[in-house]
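missing the sequence, but the structure's below:
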Ligand code: TNX
């Protein structure tokens, strides 16, 4: 089914039928039904229009919000805007998604008055895992900015926010058993040109982190914490030198440092360059696994969601054998804690704990090795999250002249970010694909505004690939519908990159 242009919905729903004309947004129309959903809708409408709809206890409001498991699959909903409005979710998340769709039906009439487009929509997600990754290690994002990222991701029906909490440049979560991490390992960040040389760091207290988790839950978003190991661990050595090997240089690191005028990593000192693959935890000592267990135990206590991500990427400073030993032990520790491990696809070189989820970050045309590593997770009973770097990496430049971002995976224009099909990426059974994640690495990001420029509009492409089936979406339809989101994004203060392929509308 191809969506009618008159319904500017992103991501595209399973089915949608436009009705006749508009239903005026009357300021005295009450919202009734599920109280949490009513509060969400009232807040979102107020933020967009300035009109605060009243909530009503009785069942005869003009906007009725309900939950009925018979509505359809998990996170599904149906919605009708006629002379009244009804949204019914199959569960609380589905109802919230229906409310997000309703918000996209809000428009203005010829006289500039707020009104709803009449429509009937039935919808449910294609993939259960629809993620955004934010690298808070290279650039620290304060709690309020993370909450904003969550709200905006939820508006596109994403349901996971993966926080990359540790890397060579900084450690971002307080751990009681290893207090020097927050004191000493969190003070720096990556050197960004946009920050004119500032490398200020930051760290979440446990209360900060709980606040993020709770806010995400209120938006039906699950936080996926990542501690990247055994590589990407230089910062740990600033706090606890006995846990980390001396830096191992590689050719790319040396060339990058030279080209960018960045210092090389030095053991025990904060690292602010952009090089990767130089650090490794010490694999053959008990103390390392005490550390890993303590950190993951405290993280598990803070995490109501099912996943703990243990990283596992680019461990170039660790021998293949040591890497396998470490990954096997780290994934087993996560399983022991009652959580499901996630690891970057290289970890598929090891005997990952059964059920470990792999996160694929290779190219749309996988190398034989990358494909084999990814397949290992499926063989061991796990599934895959797809983040192809030449399509779903939000930190790649749009084009070679774009001032922000990197280009090691190529440039990623909006069309490239949109036109790929999850089922065709790897040769695995369709049900082995848990979903899709768009990743924002932040070496080149100096501010929330920079992050917005890189994320928007490409994040909407990832949202649609993750939510919509292949027969409901097309590049031409997406272009049309995306352009209509501009007023909502502007109203929300999102400083998106206005790519030329889209005709961004004013109203
Ligand atoms: C690769 S892909 C990384 C990150 C960098 C990113 C920059 C992956 C799992 N690791 O360490 O930040 O490239 O694009």
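Okay, I see it. Owing to the predicted nature of the structure, the values given are computational and were not obtained by experimental measurement.

just the buried residues of whichever strand or helix holds residue 209, please?
Secondary structure assigned from DSSP states H and E places residue 209 in helix 206-218. Buried positions in helix 206-218, judged by neighbour count with 16 or more other Cβ atoms under 10 Å: 208, 209, 211, 212, 213, 215, 216, 218. C-betas here are computed from N, CA, C, even on glycine.

so what does it touch, helix or strand wise?
Packing partners of helix 206-218 (3 or more Cβ pairs under 8 Å, 6 or more residues apart in numbering; DSSP states H and E): helix 143-155, strand 222-229.

show me how far the longest one is from its chain's centre.
Pointing back at helix 143-155 there. Helix 143-155 has its average C-alpha position 10 Å from the chain's average C-alpha position, going by Cα atoms, centre = their mean, to the nearest Å.

that one to strand 222-229, inter-axis angle?
Compare the direction of helix 143-155 with that of strand 222-229 by axes from the mean of the first three to the mean of the last three Cα atoms, to 10 degrees and you get 120 degrees.

residues contacting helix 143-155, please?
By Cβ atoms under 8 Å, 6 or more residues apart in numbering, the surrounding residues in contact with helix 143-155 are 96, 100, 103, 132, 134, 136, 141, 161, 163, 204, 208, 211-212, 215-216, 219-221, 448, 451, 459, 492, 494.

from those, list the ones also adjacent to the ligand.
Contacts with the ligand within the contacts of helix 143-155, as defined by Cβ under 6 Å from any ligand atom: none are present.

where along the stretch 401-507 of the chain do the helices fall?
Along the stretch 401-507 of the chain, the segments classed as helices by DSSP state H, counting those that start in this stretch run 414-418, 448-455, 458-467, 475-483, 486-491.

what mean pLDDT does the longest one have?
When you say that, I think you mean helix 458-467. Over the span of helix 458-467, the pLDDT mean works out to 98.

ranges for the strands of the stretch 1-150 of the chain?
The residue ranges that make up the strands of the stretch 1-150 of the chain, judged by DSSP state E, counting those that start in this stretch, are 15-24, 31-33, 63-67, 77-81, 85-89, 106-108, 114-123, 129-135.

so which of the ones you listed is the most packed in?
Per residue and on average, the most neighbours among the strands of the stretch 1-150 of the chain fall to strand 129-135, with a mean of 26 (mean count of other Cβ atoms under 10 Å).

partner strands of it and their direction?
strand 160-164 (parallel), strand 433-440 (parallel) (DSSP bridges).

closest to residue 472 out of those strands?
Minimum separation from residue 472 across these (Cβ to Cβ) falls at strand 433-440, 15.4 Å.

closest approach to the ligand from the stretch 401-507 of the chain, which residue is it?
Distance from the ligand to each residue of the stretch 401-507 of the chain (Cβ to the nearest ligand atom) is smallest for residue 441, at 3.4 Å.

pretty sure that residue contacts residue 139?
No. With contact defined as Cβ atoms under 8 Å, residue 441 and residue 139 do not form a contacting pair (9.3 Å).

these two: which is more packed in?
Between residue 441 and residue 139, counted using other Cβ atoms under 10 Å, the more crowded position is residue 139 (29 against 24).

how close does the more buried one get to residue 167?
Counting by Cβ to Cβ, to the nearest Å, the gap between residue 139 and residue 167 amounts to 10 Å.

for the ligand, what is the nearest residue in the stretch 251-400 of the chain?
residue 313 (3.4 Å).

partner residues bridging the nearest residue to that residue once chain neighbours are set aside?
Sequence neighbours aside, residue 344 is the residue nearest to residue 313 in space, at 3.7 Å (criterion: Cβ to Cβ, 6 or more residues apart in numbering). Here residue 344 sits in beta bridges with residue 359, as judged by DSSP bridges.

ok, residue 344 - contacts?
Remark: with contacts taken as Cβ under 8 Å, 6+ apart, residue 344 is in contact with 311, 312, 313, 358, 359, 361.

find the nearest non-adjacent residue to the fourth one, please.
In this structure, residue 358 finds its nearest non-sequential neighbour in residue 377, 3.4 Å apart by Cβ to Cβ, 6+ apart.

any idea of the pLDDT on the one you found?
Residue 377 is assigned a pLDDT of 98 by the prediction.

so which strand or helix has it?
Using DSSP H and E, residue 377 sits in helix 368-379.

what comes into contact with that helix?
Taking Cβ under 8 Å, 6+ apart as the criterion, the residues outside helix 368-379 that touch it are 345-349, 352, 356-358, 360, 362-363, 366, 383-384, 426-429, 432.

ok, which of these also contact the ligand?
Restricting the contacts of helix 368-379 to those touching the ligand (Cβ under 6 Å from any ligand atom) yields no residues.

just the buried residues of the residues you listed.
Buried positions within the contacts of helix 368-379, assessed by neighbour count (16+ other Cβ under 10 Å), are 345-349, 352, 356-358, 360, 362, 366, 383-384, 426, 428, 432.

by mean pLDDT, flag the weakest helix or strand of the protein.
The helix or strand of the chain with the lowest confidence, counting by mean pLDDT, DSSP states H and E, is helix 251-260 at a mean of 91.

that one near the ligand anywhere?
No. Contact of helix 251-260 with the ligand is not found when judged by Cβ under 6 Å from any ligand atom; the minimum separation is 11.1 Å.

buried residues in the helix or strand that that helix is followed by?
Of the helices and strands lying after helix 251-260 in sequence (DSSP H and E), the nearest is helix 286-301. Taking 16+ other Cβ under 10 Å as the neighbour-count basis, helix 286-301 is seen to contain the buried residues 288, 291, 292, 293, 295, 296, 298, 299, 300.

from the contact counts, what lies against the following helix or strand past helix 286-301?
Using DSSP H and E, the next helix or strand after helix 286-301 towards the C-terminus is strand 307-311. Under the contact criterion of 3+ Cβ pairs under 8 Å, 6+ apart, the helices and strands touching strand 307-311 comprise strand 222-229, helix 286-301, helix 320-336, strand 340-344.
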